[in-house]
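1. here is my input; please provide its structure:
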Amino acid sequence: MNCQIARLSFTRTGLLTLCERSCGVVKSSVFTNVYQLRNQRSFAQSDMPKKDKTSKTPQKQPEPPTGPVSTLKDGQLAIAIHAKPGAKHNAVTDVSSEAVGVAIAAPPTDGEANAELVRYLSKVLELKKSEIVLDKGSKSREKIIKVTASISKEEVLEKLKSEAAS
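-> Sure, this is the predicted structure:
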């Protein structure tokens, strides 16, 4: 009697008890039920809907900057600067596709070179010092300068290139 109760409860899970094996009560119907349950499980797993990876909205790749001057989301301009502090005089050394090289006549201590860079760029771009802000790279040679004034990208590039040529 105990074997029959155990057999009924364990056939759902597909397990056979030691009692059934030792008593020899195992019938072919138990094996058939176990076989059917295992097939139902594997069939049910294969019928699960799979996630469609192509249904996601395509992410827009940000456009690589075409030069050292780029437009930010809020309409302001960002200028990539490669600072060279400790020079004899302030000068725009080169305008490449990655950054604008600027020699700064101030030592790179206590933010003196950063302040001098902002002063020099405001003179070159003919803007107020309050319209030019050091955005990133206060302790690095690679800096990002944010221009808050209403000036076009082309004007900024033209002024920087003319300063580099002189």
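2. walk me through the domains of this structure.
-> Domain assignment for the chain by automatic domain parsing gives 2-44, 69-165.
3. contact partners for residue 69?
-> 77, 78, 79, 80, 153, 156, 157, 160 (CB atoms under 8 Å, 6 or more residues apart in numbering). For the C-beta atoms, the positions are set from N, CA and C on the backbone; glycine is no exception.
4. what's the answer for residue 120, then?
-> With CB under 8 Å, 6+ apart, residue 120 has these contacts: 90, 102, 104.
5. how about the host helix or strand of it: buried residues?
-> When elements are assigned from DSSP states H and E, residue 120 belongs to helix 112-124. Residues 113, 114, 116, 117, 118, 120, 121, 122, 124 are the ones in helix 112-124 that count as buried (16 or more other CB atoms under 10 Å).
6. kindly export that helix (C-alpha atoms) in CSV.
-> Taking C-alpha atoms only, helix 112-124 is exported to CSV below (Å, rounded to 0.1, in the frame of the first residue of the first chain):
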residue,chain,number,x,y,z
GLU,A,112,47.6,79.2,-14.0
ALA,A,113,47.9,77.6,-17.4
ASN,A,114,44.1,76.9,-17.5
ALA,A,115,43.3,80.6,-16.7
GLU,A,116,45.8,81.8,-19.3
LEU,A,117,44.4,79.4,-21.9
VAL,A,118,40.9,80.8,-21.4
ARG,A,119,42.3,84.4,-21.5
TYR,A,120,44.2,83.7,-24.7
LEU,A,121,41.3,81.9,-26.5
SER,A,122,38.9,84.8,-25.6
LYS,A,123,41.4,87.2,-27.2
VAL,A,124,41.8,84.9,-30.3
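7. now the helices: where do they sit in the protein?
-> 2-11, 18-23, 28-46, 112-124, 153-165 (DSSP state H).
8. list the buried residues of the last one.
-> Translated: helix 153-165. Of the residues in helix 153-165, 153, 156, 157, 159, 160, 163, 164 count as buried by neighbour count, 16+ other CB under 10 Å.
9. who touches the fourth one in this structure?
-> Counting by CB under 8 Å, 6+ apart, residue 159 makes contact with 124, 125, 126.
10. which stretches of this structure have low pLDDT?
-> Scanning the chain for pLDDT under 70 picks out 1-66.
11. neighbouring strands for the strand ranked longest in it, and are they parallel or not?
-> Criterion DSSP state E: the longest strand present in the chain is strand 77-85. Strand pairing for strand 77-85, determined by DSSP bridges: strand 69-71 (antiparallel), strand 100-104 (parallel), strand 142-147 (antiparallel).
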